[in-house]
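Colleague: predicted model and sequence below, questions to follow.
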Amino acid sequence: MSVLEPHHDGSALYVSNDEPALGETVTVRLRVPAGYGPLAAVRTRSNPDHEPEWTVAVRIGSADGWDWWEAPVTVRNPRHGYRFVLVHEGSRVEWLNQTGIHTLETLDSEDFALVANPAPPAWLRDSVMYQVFPDRFARSAEADRHPTPEWAIPVSWDDPVDPVMPGRSQQFYGGDIPGIIERLDHLVDLGVNLLYLTPVFPAASNHRYDAASFDSVDPLLGGDEAYIRLIEQAHARGIRVIGDLTSNHSGDRHEWFQQALGNPGAETESYYYFTDAGNTEYESWLGTPTLPKFNWASEALRERFITGDDSVVAKWLKPPYSIDGWRIDVANMTGRLGDVDLNAEVRQLLRETMLRINPDAILLGESTNDAASDLQGDGWHGAMTYPSFTRPLWGWLSEPTGEPYLTAEGDERTEPWFFGQPIGGIPRYTAREFADAVTRFTSGIPWRVRLGNMQPLDTHDTGRFATNAAEGTLPVAVGLSMTLPGVPVVFAGDEFGLTGADGEASRTPMPWSRQTEPELAERLRMYRQLVGLRRAHPVLGDGGLRWLHVDDETVVFVREGADESVLVLATRGGADAELAPGALPGAEGAETLIGEATLAVASDGAVALAADGPAFAAWSLPGVALP
């Protein structure tokens with residue numbers, strides 16, 4: 001049986017204002033099971049300017065078997081961390097931070113945190129994202145009128161993806177923006193409301209991360225006019241659109257780079273890291289010569305790319321384009337090279353420009369590993385990151401694989417990589433290890449920022465989850481994406497069951513002709529149902545999170561708000577869980593939302609949950625009672 005413990009998180013139940021100004025005092029509340037203790041005192045401990053500061057909490061009352069305490073916290077730094085200290089009679093002390101309750105002092109980096117920088121737009125919390133790789137989504141009749149570019153290897157829509165070079169980057173299916181427009185009703189049918197397109201700028205690859213210009217949309221995609229039309233028609237359907245921008249590098253064909261290459265003294269010379277007197281050698285992304293790296297010490301680059309009124313960042317946020325934000329590629333490496341680290345300056349400049357041009361736009365950064373140090377609320381609203389959800393999810397719900405993958409050179413690799421890690425394939429995790437990983441990699445991130453983190457099963461840079469998913473686990477995986485704190489992401493094709501061993505093989509053209517197949521129809525129904533669950537219950541976007549039960553096969557948690565709570569059960573091998581009396585007030589009024597699982601409430605208030613695995617289930621509960 002689960003053990004009741006004190007709880008606090010960054011949601012509105014526990015924090016009076018998650019958009020404080022610097023110097024403002026915020027009331028933070030602690031929820032303690034009745035009879036826990038007895039407690040001699042409850043305090044908060046902050047660390048402003050790296051010097052501890054304490055406040056005293058007072059007990060304000062009880063409700064549904066929980067005592068509530070509250071304390072003032074004055075926000076003295078842009079990221080103001082705090083924790084609770086519970087002093088028991090008899091000198092026993094406990095510390096509560098984002099990783100849970102502890103008997104030893106805890107790390108400042110894992111404290112709860114208030115952020116005094118401008119908050120992200122509220123609509124981000126209500127979003128379900130759909131990611132499109134333009135070359136592979138849909139090809140309109142207009143695409144037939146465009147000549148094949150000189151760099152491309154043309155293929156038919158039904159041809160298999162070539163995962164090795166040169167096809168890896170040059171295989172060209174000819175998907176275009178008019179094709180996306182023709183399929184917008186598919187997004188409406190799924191229920192998604194945020195469209196993320198990987199780059200649309202002219203380039204010499206199918207992925208277009210090697211931009212030749214940031215000033216126009218690739219004519220092969222339909223040009224600026226088609227992009228404007230897409231955004232207008234998406235907006236008309238209640239779908240926002242964000243772009244993808246490479247702040248770490250351009251392509252080697254980019255007009256800025258070509259102006260400076262071999263031309264010392266050129267106007268754009270300072271934009272890059274040229275390493276010889278003749279401007280013929282230069283730093284690039286991971287040594288890839290087609291991706292020369294930007295030098296963010298250049299004030300001229302900063303103005304042209306970010307800060308100027310006609311900068312790249314500003315242009316596409318303004319009419320007639322009016323995109324709703326940016327996902328920034330390789331955000332983790334931007335401005336970083338050896339002993340140079342300008343990353344914080346760059347992300348803050350990006351945020352400042354976006355606030356000036358369109359304060360309702362979002363800014364997401366790619367940081368595929370531990371992103372906590374960059375996700376403190378001063379720049380990115382959230383991140384495309386994998387260790388806090390995607391990787392542990394794969395470890396729990398996938399079947400281990402020993403099948404060889406192909407390297408970029410076409411050689412077999414007998415020990416498969418896992419999200420860029422040469423660890424011999426997919427690790428095997430329990431449900432408990434999944435929950436531990438989620439906690440570990442979110443504990444250093446302020447709650448407000450965590451809610452903006454993308455939660456994909458896979459993306460254009462990874463294999464497809466369905467490739468190795470254990471039988472019956474897909475609804476469990478999608479359900480968790482939709483119900484844990486963060487922004488759910490559907491990579492185009494997931495809903496059609498596409499597979500792929502790595503980030504190139506996963507970029508399969510959409511099989512639109514298969515929509516009527518019975519098996520596919522059932523998968524689409526499942527996606528619509530789970531996206532609909534997220535959209536219909538706002539508490540899944542902004543509610544608190546309490547883990548109620550975790551074992552090797554099952555996780556049970558509740559997303560809580562004042563108006564409604566949603567209880568979630570996810571299991572791989574079957575669930576048989578009992579929650580202690582008082583753990584789930586209002587459970588007797590639970591209404592099943594989805595899934596085949598049983599919930600029974602005993603006379604003493606204990607709750608028994610059971611399901612055959614794999615299974616995903618959710619129930620609606622009354623909101624949390626406050627004293």
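Modeller: Thanks, I have the structure now. Numbers count the residues shown, from 1 in each chain.
Colleague: low-confidence ranges, the protein, go.
Modeller: Within the chain, the set of residues satisfying pLDDT under 70 comprises 1-2, 401-417.
Colleague: need the residue in it that's farthest from the chain's center.
Modeller: Gly90 (44.0 Å; C-alpha atoms, centre = their mean).
Colleague: what about that residue, which SS state?
Modeller: Secondary structure assignment for Gly90 (DSSP: H, G, I helix; E, B strand; the rest coil): coil.
Colleague: tell me the spacing between it and Glu553.
Modeller: In this structure, Gly90 and Glu553 are 38 Å apart, going by C-beta to C-beta, to the nearest Å. (Glycine included, C-beta is placed from N, CA and C.)
Colleague: follow-up on the earlier one: distance of the residue farthest from the centre of the chain relative to Ala40?
Modeller: Gly90 sits 8 Å away from Ala40, taking C-beta to C-beta as the criterion.
Colleague: go on, Val601?
Modeller: 34 Å.
Colleague: helix or strand for Thr592, which one?
Modeller: Per DSSP states H and E: Thr592 is located in strand 591-594.
Colleague: next helix or strand past that strand?
Modeller: strand 598-601.
Colleague: report the distance from that following strand to the chain centre.
Modeller: A distance of 33 Å separates the centroid of the chain from that of strand 598-601, by C-alpha atoms, centre = their mean, to the nearest Å.
Colleague: check which helices and strands whatever helix or strand comes next after it sits against.
Modeller: The C-terminal neighbour of strand 598-601 among helices and strands, as given by DSSP H and E, is strand 607-611. On a contact count with 3 or more C-beta pairs under 8 Å, 6 or more residues apart in numbering; DSSP states H and E, strand 607-611 meets strand 564-571, strand 575-579, strand 598-601.
Colleague: got the CA coordinates for the shortest one in CSV?
Modeller: Same thing as strand 598-601. This file holds the C-alpha atoms of strand 598-601, laid out as CSV (Å, rounded to 0.1, in the frame of the first residue of the first chain):
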residue,chain,number,x,y,z
THR,A,598,-11.4,-1.2,-12.2
LEU,A,599,-11.5,1.2,-9.3
ALA,A,600,-13.0,0.3,-6.0
VAL,A,601,-13.2,2.4,-2.8
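Colleague: okay, now the nearest residue to Ala203 once chain neighbours are set aside: neighbour count?
Modeller: Nearest residue to Ala203, sequence neighbours excluded (C-beta to C-beta, 6 or more residues apart in numbering): Asp210, at 4.9 Å. For Asp210, the count of nearby residues is 25 (other C-beta atoms under 10 Å).
Colleague: would you confirm that Asp210 contacts Arg253?
Modeller: Yes - under the criterion of C-beta atoms under 8 Å, Asp210 makes contact with Arg253 at 7.2 Å.
Colleague: count the neighbours of the nearest residue to Arg535 once chain neighbours are set aside for me.
Modeller: Distance criterion C-beta to C-beta, 6+ apart; nearest residue to Arg535, sequence neighbours excluded, is Gly191 at 5.5 Å. Using other C-beta under 10 Å, Gly191 is surrounded by 19 other residues.
Colleague: now the phi/psi pair for Gly191, please.
Modeller: Backbone torsions for Gly191, taken as degrees, to the nearest 10, come to phi 100, psi 0.
Colleague: which residues touch it?
Modeller: Residues near Gly191 by C-beta atoms under 8 Å, 6 or more residues apart in numbering: 128, 528, 531-532, 535.
Colleague: okay, those in TSV with distance to Ala361 and neighbour count next?
Modeller: Formatted as TSV, the contacts of Gly191 follow (distance: C-beta to C-beta, whole Å; neighbours: other C-beta atoms under 10 Å):
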residue	distance to Ala361	neighbour count
Val128	18	22
Arg528	28	15
Val531	23	23
Gly532	26	16
Arg535	21	18
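Colleague: in helices, which of those fall?
Modeller: In helices, defined here by DSSP state H, the members of the contacts of Gly191 are 528, 531-532, 535.
Colleague: centroid residue for the protein?
Modeller: The centre of the chain sits closest to Met454, judged by C-alpha atoms, centre = their mean, with a distance of 1.2 Å.
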